[in-house]
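[1] A predicted structure for the sequence below; I have some questions about it.
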Amino acid sequence: MNIAVIKLKDIIKYLVRIIIVVFFIIILASFFRLENIKSQEEGFAETINNKTKQMKESSYTGCLDLSLSLLSYSKREEEREKISVVSAILNLEIGMLDKKFLIDADLAINEYENQEEDTADLESEASEVLQDIVIERVYENNIVEKSTNSYNTVYIYNESDYEISEEMLIPDVEITNKKDVFIYHAHTCESYTPSEQYNYEMTGNFRTIDLNYNVVKIGSELANYLNAKGFNAIHDMTYHDYPTYSGSYARALETAEKNLFEKDTQLVLDLHRDAVGSSSEYAPRVKINDMYAAQLMFVIGTNGGGLEHPNWIQNLKIAVLIQEKANEMYPGLFRPILIRNSRYNQHIAKGAAIIEVGATGNTMEQCILSMQCLANVLEEVCK
């Protein structure tokens with residue numbers, strides 16, 4: 001899977017500057033055209049709404065969020081200082097012409113990318129999942145799980161050319177860096193079945209470039225939950241499969257190597273949505289306390305495809321270690337570990353792995369619950 005790396009932040013920066021200039025021109029025109037302060041406020045709000053609709057239609061969600069942030073900022077200023085719309089316009093004019101405004105724009109973009117939430121609330125939410133757990137597997141519309149090997153409670157389905165021995169599955173490996181986690185997505189645009197809360201327009205077959213509705217949202221949730229627990233989770237949201245799908249793993253490798261350069265990060269997770277089904281009928285899930293969570297699946301690569309990957313057994317052992325703990329805490333959350341010939345960029349770290357989060361039939365809510373559970377599992381593994 002391969003593509004040309006598109007720097008979303010750079011694109012957004014240029015678009016933001018253009019949009020800001022357009023805003024300024026429209027606002028000044030409204031100022032001279034309207035007769036009083038009240039009508040100026042109405043024209044300002046109408047201009048913002050129109051621009052918001054245009055940006056939604058163009059799918060540049062980062063620009064939309066930045067514009068809304070600017071509007072929210074103006075409203076807060078009005079409440080605190082009771083200033084008029086005219087004063088707000090003049091303040092924006094000054095800000096647009098100096099470097100500080102551009103720095104603020106960068107910070108707004110970074111805030112969108114990080115999607116940071118209140119860590120205390122996240123910790124509370126994640127902890128609630130652990131209380132009085134009742135687990136129930138859901139079998140309807142699911143593909144029958146296969147396995148070729150097992151280690152204690154962990155099952156493995158081996159599709160590689162290697163013969164998997166019990167020795168290769170014993171999790172006698174230590175994660176020495178228990179705090180750093182790197183999360184990224186070789187297939188950034190993979191998405192799920194729309195729900196009432198997460199309803200979106202697909203730009204492909206269960207695919208969207210809107211980062212609020214694809215696997216990037218899942219990665220953000222996992223990073224937030226991990227950081228609330230004291231981890232240092234870095235989440236990269238670079239597009240690797242858009243606008244071209246071919247070459248996505250090569251581009252994802254560049255991203256991973258850039259983020260991991262001279263770092264000892266051992267847990268490297270490439271989050272995907274399982275592509276085994278192409279409809280809403282396949283939704284592997286487990287019921288946890290009357291809530292549905294999407295099932296997860298480790299995909300471990302080898303050097304069976306010819307690419308150098310001498311330490312793939314370490315990746316496998318760490319996957320077994322994590323899944324064994326998950327089976328204690330949330331039986332059925334994980335499907336059997338899948339072993340394949342392809343390398344999937346997993347040579348870059350001791351604990352590198354693909355994790356398939358649900359499939360086409362799962363909803364975003366189910367996947368977010370899975371990320372809460374996964375964060376709880378990783379916390380226990382890394383104690």
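    Received the coordinates, thanks.

[2] for G358, phi and psi?
    The phi/psi pair for G358 (degrees, to the nearest 10) reads phi 60, psi -160.

[3] what about it, how many residues nearby?
    Using other Cβ atoms under 10 Å, G358 has 29 other residues around it. Placement of C-beta: from N, CA and C, glycine included.

[4] which residues does the residue lying closest to it once chain neighbours are set aside form a beta bridge with?
    Closest residue to G358 apart from its sequence neighbours, by Cβ to Cβ, 6 or more residues apart in numbering: A294 at 3.0 Å. Beta-bridge partners recorded for A294 (DSSP bridges): R285.

[5] right, and A294 touches K287 too?
    No - applying Cβ atoms under 8 Å as the test, A294 and K287 come out as separate, 11.4 Å apart.

[6] neighbour count for these two, which is higher?
    Neighbours per residue (other Cβ under 10 Å) separate A294 from K287, with A294 holding more: 29 against 14.

[7] for the more buried one, give me its contacts.
    Shown in contact with A294 (Cβ atoms under 8 Å, 6 or more residues apart in numbering): A283, P284, R285, V357, G358, A359, N362, Q366, C367, L369, S370.

[8] narrow those residues to those in strands?
    Of the positions in these, R285, V357, G358, A359 sit in strands, assigned by DSSP state E.

[9] dump these into a markdown table; add distance to G247 and pLDDT as well.
    Converted to a markdown table, the ones in strands among the contacts of A294 look like this (distance: Cβ to Cβ, whole Å; pLDDT from 0 to 100):
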| residue | distance to G247 | pLDDT |
| --- | --- | --- |
| R285 | 32 | 93 |
| V357 | 23 | 98 |
| G358 | 25 | 96 |
| A359 | 24 | 94 |
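
[10] and the two most separated of the residues you listed?
    Greatest spacing in the ones in strands among the contacts of A294, by Cβ to Cβ: R285 and V357 (11.1 Å).

[11] report pLDDT for F206.
    Here, the pLDDT recorded for F206 equals 93.

[12] pretty sure it contacts T360?
    Yes - contact criterion Cβ under 8 Å: F206 and T360 qualify, at 4.6 Å.

[13] ok, the ones in strands among the contacts of A294 vs D264, which is closest?
    V357 (25.9 Å).

[14] dump the residue contacts of the closest one.
    V215, I218, L271, H272, R273, D274, A294, L296, C367, S370, M371.

[15] now name the helix or strand holding the third one.
    Put plainly, it is L271. Per DSSP states H and E: L271 is located in strand 267-274.

[16] the closest residue to C189 other than its chain neighbours and L260: what is the separation?
    Take C189 and drop its neighbours on the chain: the residue closest to it by Cβ to Cβ, 6+ apart is R207, 4.5 Å away. Using Cβ to Cβ, to the nearest Å, R207 is found at 27 Å from L260.

[17] pLDDT on stretch 363-379, on average?
    Stretch 363-379 comes out at a mean pLDDT of 98.

[18] which parts of the stretch 251-383 of the chain are strands?
    For the stretch 251-383 of the chain, applying DSSP state E, counting those that start in this stretch gives strands covering 267-274, 285-288, 291-294, 296-301, 337-340, 351-359.

[19] check which residues of stretch 307-315 are buried.
    H309, W312, I313, Q314, N315 (16 or more other Cβ atoms under 10 Å).

[20] the fourth one reaches K350, doesn't it?
    Yes - using Cβ under 8 Å, Q314 is in contact with K350, at 5.3 Å.

[21] got any residues that touch both of those two?
    V173.

[22] what does the pLDDT read for the closest residue in space to Y151 that isn't next to it in sequence?
    When the adjacent residues along the chain are set aside, Y151 lies closest to L169, with 3.9 Å between them (Cβ to Cβ, 6+ apart). L169 carries a pLDDT score of 98 in this model.

[23] give me the below-cutoff pLDDT ranges for the stretch 201-350 of the chain.
    For the stretch 201-350 of the chain, residues meeting the criterion pLDDT under 70 lie at 277-279.

[24] could you pull out the helices for it?
    Along the stretch 201-350 of the chain, the segments classed as helices by DSSP state H, counting those that start in this stretch run 215-228, 248-260, 312-329.

[25] alpha carbons only: can I get stretch 324-342 in CSV?
    Extracted C-alpha coordinates of stretch 324-342, given in CSV (Å, rounded to 0.1, in the frame of the first residue of the first chain):
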residue,chain,number,x,y,z
GLU,A,324,-2.6,-12.4,26.9
LYS,A,325,-3.1,-9.5,29.2
ALA,A,326,-6.1,-8.3,27.2
ASN,A,327,-7.6,-11.8,27.4
GLU,A,328,-7.5,-11.5,31.2
MET,A,329,-9.1,-8.1,31.3
TYR,A,330,-11.5,-8.3,28.3
PRO,A,331,-11.9,-11.8,27.0
GLY,A,332,-12.9,-11.8,23.3
LEU,A,333,-11.7,-8.2,22.7
PHE,A,334,-8.9,-9.5,20.4
ARG,A,335,-9.3,-11.9,17.5
PRO,A,336,-6.5,-14.4,16.7
ILE,A,337,-3.1,-12.8,15.8
LEU,A,338,-2.6,-12.9,12.1
ILE,A,339,0.9,-13.7,10.8
ARG,A,340,1.8,-12.9,7.2
ASN,A,341,4.8,-12.8,4.9
SER,A,342,4.7,-9.1,4.3
